[in-house]
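A.B. asks: sequence below, structure please.
(one chain, ligands or ions: 1)
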Amino acid sequence: MQNTRQRSHTERSSTLKAVPFFTQLTEREFDVVGSAATEKQYPKNAVVLTEGEMGDSLYMIQSGKVKVFIGDQDGREMILKLLGPGDFFGEMSMIDKQPRSASVTTLEGSVFLVMSHSSFEKCIEQVPRIATIVMRILAQRVREADKKIGTLALMDVYGRVASTLLELAVNDNGKLMVSEKLSQQDLANMVGASREMVNRILKDLAERGFISVESKSITIINHELPPSL
Ligand code: CMP
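C.D. replies: Numbers count the residues shown, from 1 in each chain. Predicted coordinates for the structure are as follows:
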């Protein structure tokens with residue numbers, strides 16, 4: 001499924017410079033990372049990592065979008081995070097050599113720079129600052145996970161939908177929009193509710209003038225989304 005292609009060193013290094021994660025690196029450091037990583041392309045809806053499987057590679061997202069989720073035996077899933085260009089995933093198993101903590105699938109065609117555990121260790125030997133960058137991002141993830149635990153434990157579904165919409169929304173020419181390629185089922189899987197419940201809440205928010213729902217996007221009209229019914 002996936003397509004691995006080797007590109008020239010310079011080409012890869014120039015791509016890395018576009019990834020926010022690496023903007024702090026010097027030219028020499030870029031070269032070290034660039035030569036340690038292999039580019040892989042995946043189509044839309046491809047499984048990149050499977051929860052519970054072994055693996056030791058780190059994936060840096062060059063382009064595209066993925067969802068990180070955990071599932072149960074009945075096929076239900078909880079989406080932990082959506083990641084896009086400049087983000088990385090797979091670092092947990094790469095660091096602790098335990099099975100993958102979550103599954104990752106592509107939401108659109110995506111290109112990753114993939115680095116094995118041994119290449120990452122070599123990189124760190126040559127560019128120790130990379131370890132600091134990874135630690136900073138891990139700390140940020142724990143903060144976000146704490147926030148999510150709080151939202152799930154303390155808010156009702158209405159508030160969880162509202163806070164997830166605000167979290168996903170981006171400013172598009174002065175309009176706050178959620179234009180992620182997300183289905184209502186995906187949104188339900190992000191807030192731990194049924195699709196029917198999410199559908200009802202979106203309708204209610206639209207009727208009350210807080211949002212408008214178009215076929216491919218949701219516009220937030222009033223930023224003060226109500227935390228409950
Ligand atoms: P790993 O356990 O190797 O494989 C699954 C990956 O999903 C994991 O590394 C992280 O990169 C990513 N991941 C797991 N939990 C979260 C989370 N709460 N937020 C963002 N990414 C996560």
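
A.B. asks: identify each buried residue in whichever helix or strand Glu167 is part of, please.
C.D. replies: Per DSSP states H and E, Glu167 falls inside helix 157-168. Buried residues in helix 157-168, counting neighbours by 16 or more other Cβ atoms under 10 Å, are found at 157-165, 168. C-betas here are computed from N, CA, C, even on glycine.

A.B. asks: and the longest helix that the chain contains, what does it pack onto?
C.D. replies: With secondary structure taken from DSSP state H, the chain has its longest helix at helix 129-154. Using 3 or more Cβ pairs under 8 Å, 6 or more residues apart in numbering; DSSP states H and E as the contact test, the elements touching helix 129-154 are helix 27-36, strand 77-83, helix 117-126, helix 157-168.

A.B. asks: so is the helix or strand that the second one is followed by next to the ligand?
C.D. replies: What that stands for is strand 77-83. Next in sequence after strand 77-83, counting helices and strands by DSSP H and E, comes strand 88-89. Yes: Strand 88-89 lies within reach of the ligand by Cβ under 6 Å from any ligand atom, at Phe89.

A.B. asks: returning to what we had before: could the helices and strands packed on helix 129-154 be laid out in CSV, adding distance to Ala188?
C.D. replies: What follows is the helices and strands packed on helix 129-154, written out as CSV (distance: least, Cβ to Cβ, whole Å):
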stretch, distance to Ala188
helix 27-36, 38
strand 77-83, 9
helix 117-126, 35
helix 157-168, 9
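
A.B. asks: which of those sits closest to the ligand?
C.D. replies: Judged by Cβ to the nearest ligand atom, the one of the helices and strands packed on helix 129-154 that comes nearest to the ligand is strand 77-83, at 3.7 Å.

A.B. asks: adjacent strands (with direction) for that closest one?
C.D. replies: strand 66-71 (antiparallel) (DSSP bridges).

A.B. asks: does the partner strand reach the ligand?
C.D. replies: Yes: on the criterion Cβ under 6 Å from any ligand atom, strand 66-71 is in touch with the ligand at Val68.

A.B. asks: need the helices and strands packed on helix 129-154 in a markdown table (columns: distance to the ligand and mean pLDDT).
C.D. replies: Listed next are the helices and strands packed on helix 129-154 as a markdown table, based on distance: least, Cβ to the nearest ligand atom, whole Å; pLDDT from 0 to 100:
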| stretch | distance to the ligand | mean pLDDT |
| --- | --- | --- |
| helix 27-36 | 17 | 83 |
| strand 77-83 | 4 | 93 |
| helix 117-126 | 10 | 91 |
| helix 157-168 | 12 | 91 |
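
A.B. asks: for Lys147, find the nearest of the ones you listed.
C.D. replies: helix 157-168 (8.9 Å; Cβ to Cβ).

A.B. asks: just give the number of residues close to Thr26.
C.D. replies: 10 (other Cβ atoms under 10 Å).

A.B. asks: contacts for the next helix or strand after the helix holding Glu167 next, please.
C.D. replies: Counting by DSSP H and E, the next helix or strand C-terminal to helix 157-168 is strand 170-172. Residues from elsewhere that reach strand 170-172 (Cβ atoms under 8 Å, 6 or more residues apart in numbering): 176-179.

A.B. asks: who wins on neighbours among the residues you listed?
C.D. replies: Val178 leads the contacts of strand 170-172 on contacts (other Cβ under 10 Å) with 20 neighbours.

A.B. asks: wait, it touches Ser217, no?
C.D. replies: Yes: using Cβ atoms under 8 Å, Val178 makes contact with Ser217 at a distance of 6.3 Å.

A.B. asks: any idea how far the residue most central in space within the chain is from Leu166?
C.D. replies: By Cα atoms, centre = their mean, the chain has its centre lying nearest to Leu83, at 1.7 Å. Leu83 is 18 Å from Leu166, where distance means Cβ to Cβ, to the nearest Å.
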